[in-house]
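Got a predicted structure here, sequence first:
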Amino acid sequence: MKKLVGLMLAVMMALTVMLPIAALADEPVTISFFDKNSGVRTFDDPVAKELEKRTGIKLDLISPSGNPGEKLSLMLAGLNYPDIILMDRGSDIVNQYIEANALVNLSEYMDQMPNVVAMYGDTLNKTRYTDGNNYYLSNWYGYDPDPVTGFICRYDYMIELVGQERADSAEPFRWSEFKALLQKFKDTNPDVTSPLVIGDPGSGNINGMFAGMNSLYPYYVHEGKLYFTVRDPQFMDAIHQMNELYREGLLDPEWTSNNQELRNQKLSNNGVLAYGGSYWDTWTPSATLLAAENPNAEYLAYKVIPDDATSADLPLSGRSSLGWDAIAITKNCKNVEAAVKFIDYCASQEGQDLLLWGIEGQDWEFVDGVRTPIGDIVARYQADPSNVVDQTGITKWTWFVKNDVHPDDGTTCRIWFNEKDRSATFAYRNLTNGYYDSAEFANLEPAGSTIEALMYQGVIDVFDQYYPRMVNAPTVEQCDALYAEMVSAMENAGMSDIEAYMTDVYFARLALWGLEPVASK
Amino acid sequence: MSNLALGGKKKKPLMSRLWDQKYLFLLMVPGVIWVLVICYAPMTGLYMAFTNYRPSQNGYFYDLFNAKFVGLQWFQYFFSKDFGMIMRNTLATSLLTLLFSFPAPIILAVMLNELKNVRLKKFIQTASYLPYFISWVIAANIFLTFLAGGGIVNDVLMSLGLIKERILFFQHGPYFWWIIAIANTWKGIGYNAIIYLSAISGIDEQLYEAASIDGASRVKRIWHITLPTIRPTIATLLILAVGGILSTGFEQQLLMGNNAILNYSDVLDTYAYRYGLAKGMYSYGTAVGLFKSIVSFILVMSANKITAKLNDSALF
């Protein structure tokens, strides 16, 4: 009897030990993912669930509370980064992670990522680190067919100012013509203080619209050397244009404090004719205005070119074919094979269709070999974009996105742009071909904890302080005096040394890629 | 004789006395561990200020103690570049804050003490205490909205005919120092007033009654009884305020500042944050932070000494 009881106890103990192991074996692999763009979104929508089902991988999404750049720096310092991180490709944080040996060398896993190899193609060569290896994959890569920046004007005001025909015309406005419109708008509305609103100054560059109109690139390349843009002979033309608008009361006097909320608040009120920036920035204010005003109270994209421009196809802004973000697997990842599998699926055409078009048969279907949205999903999106994205999960998770149309049926990579609303129609018609590939200028700055990196930041700090002061100067003479002061201060901060450093990096990169400078003057 | 305690008994040896109090020492253990782990252990990181620290997979301590030693390189860079501007901004903001926020709670506490209407007193106390609980994110937005070109402050000034053109408060650097000083005072006045009120509540009522009988007016009672009695509290808070003179704020500068006035809004803490965390230059950020700590320590010690000499009372 004692033996029997002992045996039963032994069996029960063994089962107790074995059961959790058996349960674990059935549990899907969990991968933690930090997405700097995810905000407060939760990974629980239909697309997220379908993605987990198809890959067999459960995703633990880590949202960036606060400043994502700071969070990434802190995670690096504490070595507590998750399995996969999505970071800003344009900043030096990517190089910091690579130099800290914190990222998995993806080149060693390319044979397990056939879809990545097929989809990314030559982009993989361009995103190699100096040791020749790939440590991250670009997001929003490839030459982008989508429009970006322009002067986004209130359509109802434009009809009043230039008439219906001109407001609907695809012909670009000349700068002097556009400036006269701002003036006319102000004259007819004396209480208006901000006919033109632009975003806050940001860091390191002047407003993209004014840079583009004066053919300013991120850096000035001249006779085999790379310089900061302030040395470009046309730099002050752009500053003078902005300064003139400011002095004449045509530019928002508080543009330097325009964070997203303040900017949207201003654009949602009557009394703003135009916004200078990306056409999607005005979607929220347009939705507010359309709900409360007449059906033409909407911001639509117009192209404004310099008075002496000979072609309307002038590139007005830069956009990198190497993408906005970098996605990498970190050395903290315990199951690299699973992470690689997840990435390869997301990057595949099937994965991209799931992320950007939704679930086949539910959100879209093939009709005569062409991807076609089902029902009124696009119409619902156009009426209430953010809620529909949240509910359906379509384009909520924009990972490994390739800027291209589908090679088999020519449809856009995102379902929403297959049927364009008025805002997108204007943008695609008026702003396409308005940019150049700025990939060669990205990540030239010295990274990490070095004296060069400090000097670079010092130079940028000087620029950031003087740029708004030059624009807001009460006279042209004071504006010019501030420019001289700024260049001198930038020199003191080590501008020439940094330019020499970046010239070497830049031309070594061009040699590696086999390219000529995009904007040598 | 020296070995005899007051009662005439022989004093026990040190070890024996320690053993007798072993349970009291045991009670101290968690506190001591807390101080060592939370306060002293992280100080090893200060070594970072003298190295070129770069995090890697080898772990924090390995990276820290194997980083290249660079001596005072980061300090030299800081002193040769931005030190002047950063210190000017830090001190200007701090001194202006001290100018307003140090006397303001004393005045408020004394005035509240003199109020006879209890409900009004409680209302003012609660209203003045409330901003302390508002996060800087909300407070900054309140200030940004009120002081905007089209904000209520400009509206009032315009309607009163005090200004002809709207003032762009966040476009002029020196204004920013004043805004921060006023914002700091607004947030802290109620909280500090409570400390003074508690000190005032300990004053013997008989002193006031005696002074009234002697014909002292209300102002004289405040001047000769209230203020001298709360002088140790004032001294303590002054020492703390002087010690924190380089900690002039962080969130408020970050949230209300903009690039147009960066050369007025950037203070030691925001500077160390921008370089140390946002840019990942840990060693440089640590060097700036260490400089601030050393100066703050010297200031606290000096203020303590001076207060001890002037008042016969000091914090330590």
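Great, that's in hand.

buried ones in the lowest-mean-pLDDT helix or strand in chain B?
Least confident helix or strand of chain B, by mean pLDDT, DSSP states H and E, is helix B:231-243 with a mean of 83. Neighbour-count burial for helix B:231-243, counted by 16 or more other C-beta atoms under 10 Å in any protein chain shown, picks out B:231-239, B:241-243. From N, CA and C alone the C-beta is placed, and that goes for glycine too.

Counting by contacts, list what that helix packs against.
Here helix B:231-243 touches helix B:83-101, helix B:173-201, helix B:282-311, going by 3 or more C-beta pairs under 8 Å, 6 or more residues apart in numbering or on different chains; DSSP states H and E.

7 Å instead?
The contact analysis (3 or more C-beta pairs under 7 Å, 6 or more residues apart in numbering or on different chains; DSSP states H and E) places helix B:231-243 against helix B:173-201, helix B:282-311.

ok and it relative to helix B:173-201, angle-wise?
Between helix B:231-243 and helix B:173-201, the angle formed by their directions is 150 degrees, by axes from the mean of the first three to the mean of the last three C-alpha atoms, to 10 degrees.

How far away from the center of its chain is helix B:231-243?
Going by C-alpha atoms, centre = their mean, to the nearest Å, the spacing between the C-alpha centre of helix B:231-243 and its chain's C-alpha centre is 10 Å.

helix or strand right after it?
Moving toward the C-terminus from helix B:231-243, the first helix or strand encountered (DSSP states H and E) is helix B:251-256.

Show residues contacting that following helix.
Residues from elsewhere that reach helix B:251-256 (C-beta atoms under 7 Å, 6 or more residues apart in numbering or on different chains): B:136-137, B:140, B:143-144, B:170, B:179-180, B:183, B:265, B:267, B:270.

Could you let me know which of those ends up closest to chain A?
Each of these was checked against chain A using C-beta to the nearest C-beta; the closest is B:Phe170, at 5.1 Å.

isn't that closest one right next to B:Gly257, touching?
No. Counting by C-beta atoms under 7 Å, B:Phe170 stays clear of B:Gly257, with 8.1 Å between them.

Would you mind writing the CA trace of the least confident helix or strand of chain B as CSV?
Output for helix B:231-243, consisting of C-alpha atoms alone and laid out as CSV, is shown next (Å, rounded to 0.1, in the frame of the first residue of the first chain):
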residue,chain,number,x,y,z
ARG,B,231,13.6,83.0,11.4
PRO,B,232,15.1,79.4,11.7
THR,B,233,12.6,78.1,9.2
ILE,B,234,13.4,81.0,6.9
ALA,B,235,17.1,80.2,7.3
THR,B,236,16.6,76.5,6.6
LEU,B,237,14.6,77.2,3.4
LEU,B,238,17.1,79.8,2.3
ILE,B,239,19.9,77.3,2.7
LEU,B,240,18.0,74.8,0.6
ALA,B,241,17.1,77.5,-2.0
VAL,B,242,20.7,78.6,-2.3
GLY,B,243,21.9,75.0,-2.6
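
how many degrees apart are it and helix B:282-311 in direction?
Using the same axes, to 10 degrees, the inter-axis angle of helix B:231-243 relative to helix B:282-311 is 150 degrees.

can you list contacts of helix B:231-243?
Taking C-beta under 7 Å, 6+ apart as the criterion, the residues outside helix B:231-243 that touch it are B:98, B:102, B:106, B:192, B:195-196, B:199, B:296, B:299-300, B:303-304, B:307, B:311, B:313, B:315.

So which residues of the stretch 201-350 of chain A form strands?
A:219-222, A:225-228, A:274-278, A:299-302, A:304-305, A:317-319, A:325-329 (DSSP state E, counting those that start in this stretch).

The last one pairs with which strands, parallel or anti?
Paired strands of strand A:325-329, with direction, are strand A:84-88 (antiparallel), strand A:137-139 (antiparallel) (DSSP bridges).

Give me the distance between A:Asn430 and chain B.
Going from A:Asn430 to chain B by C-beta to the nearest C-beta, to the nearest Å gives 30 Å.

surely that residue meets A:Gly150?
Yes. Proximity of A:Asn430 to A:Gly150 meets the contact threshold set by C-beta under 7 Å, at 6.5 Å.

more neighbours, those two?
Between A:Asn430 and A:Gly150, counting by other C-beta atoms under 10 Å in any protein chain shown, A:Gly150 is the more crowded of the two (28 against 24).

helix or strand right after the helix or strand where B:Val29 lies?
Under the assignment given by DSSP H and E, the secondary-structure element containing B:Val29 is helix B:22-34. Where DSSP H and E defines the elements, the next helix or strand beyond helix B:22-34 is strand B:51-52.

That following strand near chain A at all?
Yes. Judged by C-beta under 7 Å from any C-beta of the partner chain, strand B:51-52 and chain A are in contact via B:Asn52.

Residue ranges in the chain under the pLDDT threshold?
As the question left the chain open, I've gone with chain A. A:1-27, A:145, A:433-434, A:518-521 (pLDDT under 70).

Wait, chain B was what I had in mind.
B:1-9, B:311-315.

Dump the helix holding B:Val29 to CSV, keeping only the CA atoms.
Extracted in CSV, the C-alpha atoms of helix B:22-34 (Å, rounded to 0.1, in the frame of the first residue of the first chain):
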residue,chain,number,x,y,z
LYS,B,22,22.0,45.7,18.5
TYR,B,23,18.2,45.8,17.8
LEU,B,24,18.3,49.6,17.3
PHE,B,25,21.2,49.1,14.8
LEU,B,26,19.2,46.3,13.2
LEU,B,27,16.4,48.7,12.6
MET,B,28,18.8,51.0,10.9
VAL,B,29,20.0,48.4,8.4
PRO,B,30,17.3,48.9,5.8
GLY,B,31,17.8,52.6,5.8
VAL,B,32,21.6,52.3,5.5
ILE,B,33,21.2,49.8,2.7
TRP,B,34,18.8,52.2,0.9
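
What are the buried residues along that helix?
Within helix B:22-34, no residue qualifies as buried by neighbour count (16+ other C-beta under 10 Å).

B:Ala109: neighbour count?
A count of nearby residues for B:Ala109, using other C-beta under 10 Å, gives 27.

Kindly provide the distance from the residue nearest to B:Trp186 when sequence neighbours are not counted to B:Thr270.
With C-beta to C-beta, 6 or more residues apart in numbering or on different chains as the measure, B:Pro131 is the residue that lies nearest to B:Trp186, at 5.5 Å, once sequence neighbours are left out. In this structure, B:Pro131 and B:Thr270 are 22 Å apart, going by C-beta to C-beta, to the nearest Å.

Run a quick neighbour tally on the residue in the stretch 251-400 of chain A positioned nearest to chain B.
Scanning the stretch 251-400 of chain A for the residue nearest chain B gives A:Thr256, at 3.9 Å (criterion: C-beta to the nearest C-beta). The local packing of A:Thr256 (other C-beta under 10 Å) involves 23 other residues.

Assess the claim that it and B:Gly257 are in contact.
No. Taking contact to mean C-beta under 7 Å, the distance of 10.0 Å between A:Thr256 and B:Gly257 leaves them out of contact.

any chance you could map the helices in the stretch 101-250 of chain A?
With DSSP state H, counting those that start in this stretch, the ranges of helices along the stretch 101-250 of chain A come out as A:114-120, A:123-126, A:155-162, A:164-168, A:175-188, A:208-213, A:235-247.

Same list (those) but as JSON lines, adding mean neighbour count and distance to chain B.
Conversion of the helices of the stretch 101-250 of chain A to JSON lines gives the following (neighbours: other C-beta atoms under 10 Å in any protein chain shown; distance: least, C-beta to the nearest C-beta, whole Å):
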{"stretch": "helix A:114-120", "mean neighbour count": "18", "distance to chain B": "24"}
{"stretch": "helix A:123-126", "mean neighbour count": "18", "distance to chain B": "24"}
{"stretch": "helix A:155-162", "mean neighbour count": "19", "distance to chain B": "19"}
{"stretch": "helix A:164-168", "mean neighbour count": "13", "distance to chain B": "28"}
{"stretch": "helix A:175-188", "mean neighbour count": "17", "distance to chain B": "15"}
{"stretch": "helix A:208-213", "mean neighbour count": "23", "distance to chain B": "16"}
{"stretch": "helix A:235-247", "mean neighbour count": "20", "distance to chain B": "11"}
